[in-house]
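In: coordinates only, no sequence provided:
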C-alpha cells in the first residue's frame, strides 16, 4: 500500500499543478506605471493562482483596447468606462461587457498653461484645446461644457497623438490639453514644465460624474469559459491590493519590462492613480468596486450628452456586477 501511495505521489509531482490558461490582457495604452497592478499581478503569480496566465499587452489607446476585446482578439482588459460605453453604443451588438470598476474617480482632466489666460474651465472658449486623436475625448468636453454653461462651438480643437499631448502643450502649440492626469502631468514634469506654470482642472471637480477605468470582458469568451469572470475579478482585486501595499515592487515589475522608463516618473504616475482614482473616500468606506445604484444612474444620465446614447438598447452591458468578490474581500481598510 505504501508503495502504491508513493507511486501516486510521484505521478502528481511529475504532473505538477494544473497549467494556467495563457490569455492576452489589454491595457488602455502603453505599459507604464499606469499598468503596474496588472504587470505586478501577472509576474507575482496572483493571476496564475486563479488559473489565468496573463500576457499583459499594450495598445494604442482605450478605444484600441476595447475594439480588440469586442472583436475577440483579446478576451479581456481595462479601458475607461465612457470609451467602453460609447464604443458599444456606436457599435450595437458589440461582444463586450464590464465586470468591475477600477478607478472610482475618473482621471480625465484639462491642463492649461497659465500664460494662456485660462484660470478655469469657463475660460476655455476662444482657446485651442489639444485632444487625443484616438478617443471619444470630445464627449468629455461636452460633459464639461454642459455642466459649466459654455458652448463647445466656441472651442477650437486640435487632434494630437495621445503620447504627444504634453509635448504639444509644452511647446505652446495648444493652450490646453485634455486627457488622463496620470499621463499628462508626469510627462510635463519630465519636459521641465513647472507645476506653478500650469492650471490643472480635474473634470471630476467640474461636473463629471462618470467612472474611470473598468475591467471588461468579451461576452463570447465569458459564455464559453465557466467561472472565468469570478476568477478574473478576484485576481484583479488581489493585484491592486498587492500594488497598494508595495508600489515600489509594482513599479519595478514595469521597469523590468522596459528599462528605458524613468522609475521615478512611473512611481509618481502610479502614486497619482492610487491616491486620486482608486482609493477614494467612497472606496475606503464601501470597498473596492462596490456598486452604487445612484452613481450608475448618474453615469447613464451624463452619457446622454452623446446624442448616439439616447434610447440605446445596449445599456444592460454597462454595469454587470454579478461576478465581484465578496464584500469582505473588497474591503480596503
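Out: Yep, that arrived. The structure presented is a predicted model; accordingly, all values stated were derived computationally and were not measured.
In: low-confidence ranges, the stretch 1-150 of the chain, go.
Out: 1-21, 134-135 (pLDDT under 70).
In: and the strands in the stretch 51-200 of the chain?
Out: Using DSSP state E, counting those that start in this stretch, the strands found in the stretch 51-200 of the chain span residues 52-57, 76-80, 96-101, 108-113, 128-132, 156-160, 176-180, 198-202.
In: from the chain's centroid, how far away is the fourth one?
Out: Yep, that's strand 108-113 we're talking about. Distance, stretch centre to chain centre, for strand 108-113: 18 Å (Cα atoms, centre = their mean, to the nearest Å).
In: same for that strand, what does it pack against?
Out: When contacts are defined as 3 or more Cβ pairs under 8 Å, 6 or more residues apart in numbering; DSSP states H and E, strand 108-113 sits against helix 137-148, helix 165-170, strand 176-180, helix 181-190, strand 198-202. From N, CA and C alone the C-beta is placed, and that goes for glycine too.
In: and if we set it to 6 Å?
Out: Under the contact definition 3 or more Cβ pairs under 6 Å, 6 or more residues apart in numbering; DSSP states H and E, strand 108-113 sits against strand 176-180, strand 198-202.
In: pick the most buried one from those strands.
Out: strand 176-180 (a mean of 26; mean count of other Cβ atoms under 10 Å).
In: what's the angle from it to strand 198-202?
Out: Per axes from the mean of the first three to the mean of the last three Cα atoms, to 10 degrees, the angle that strand 176-180 makes with strand 198-202 is 40 degrees.
In: re earlier: of all the strands of the stretch 51-200 of the chain, which lies closest to residue 235?
Out: Checking the strands of the stretch 51-200 of the chain against residue 235 by Cβ to Cβ gives strand 52-57 as the closest, at 6.0 Å.
In: report the angle between the closest one and strand 76-80.
Out: Computed by the same axes, to 10 degrees, the angle separating strand 52-57 from strand 76-80 equals 50 degrees.
In: contacts for strand 52-57?
Out: The set of residues external to strand 52-57 that reach it, using Cβ atoms under 6 Å, 6 or more residues apart in numbering, is 20, 22-26, 38-39, 42, 47, 235.
In: check which strands are paired with it and give the direction for each one.
Out: strand 21-26 (parallel) (DSSP bridges).
In: hmm, who's touching the partner strand?
Out: With contact meaning Cβ under 6 Å, 6+ apart, strand 21-26 is reached by 52-57, 59, 65, 68-69, 74-75, 77.
In: the closest residue to residue 225 other than its chain neighbours: neighbour count?
Out: Once flanking residues are discounted, residue 225 sits nearest to residue 75: 7.8 Å by Cβ to Cβ, 6 or more residues apart in numbering. By other Cβ atoms under 10 Å, the residues close to residue 75 number 22.
In: what does residue 284 give?
Out: Residue 284 has 13 neighbours, counted by other Cβ under 10 Å.
In: phi, psi for it please.
Out: phi -60, psi -30 (degrees, to the nearest 10).
In: quick one, helices of the stretch 151-300 of the chain?
Out: Assigned by DSSP state H, counting those that start in this stretch, the helices in the stretch 151-300 of the chain fall at 165-170, 181-190, 219-224, 228-245, 247-257, 263-272, 281-286, 293-303.
In: just give the nearest non-adjacent residue to residue 160, would you?
Out: In this structure, residue 160 finds its nearest non-sequential neighbour in residue 130, 4.3 Å apart by Cβ to Cβ, 6+ apart.
In: and that neighbour, bridged to which residues?
Out: Going by DSSP bridges, residue 130 is paired in beta bridges with residue 158, residue 177.
In: ok, it touching residue 161?
Out: No: counting by Cβ atoms under 6 Å, residue 130 sits too far from residue 161 to count as a contact (9.9 Å).
In: which of these two has more neighbours?
Out: Higher neighbour count among residue 130 and residue 161: residue 130, with 26 against 14, using other Cβ under 10 Å.
In: report the contact partners of the more buried one.
Out: Residue 130 makes contact with 158, 160, 165, 168, 174, 177 under the criterion Cβ under 6 Å, 6+ apart.
In: so which of the helices and strands packed on strand 108-113 gets nearest residue 303?
Out: Smallest distance to residue 303 across those (Cβ to Cβ): 17.3 Å, for strand 176-180.
In: just checking, what packs against that closest one?
Out: Helices and strands touching strand 176-180, by 3+ Cβ pairs under 6 Å, 6+ apart, are strand 108-113, strand 128-132, helix 165-170.
In: nearest to residue 272, out of these?
Out: Short answer: strand 108-113, nearest of those by Cβ to Cβ, at 10.5 Å.
In: show me the beta-bridge partners of the spatially most central residue of the chain.
Out: Nearest to the geometric centre of the chain sits residue 213, at 3.1 Å (Cα atoms, centre = their mean). Beta-bridge partners of residue 213, counted by DSSP bridges, are residue 80.
In: what's the pLDDT at it?
Out: Model confidence at residue 213, given as pLDDT, is 97.
In: list the contacts of it.
Out: 78, 80, 102-103.
In: tell me the predicted confidence for residue 312.
Out: We have a pLDDT of 55 for residue 312.
In: next: residue 271.
Out: pLDDT at residue 271 comes out at 98.
In: residue 275 versus the closest residue to it other than its chain neighbours, what's the distance?
Out: Excluding the flanking residues, the one nearest residue 271 by Cβ to Cβ, 6+ apart is residue 247, at 6.8 Å. From residue 247 across to residue 275, the span is 10 Å (Cβ to Cβ, to the nearest Å).
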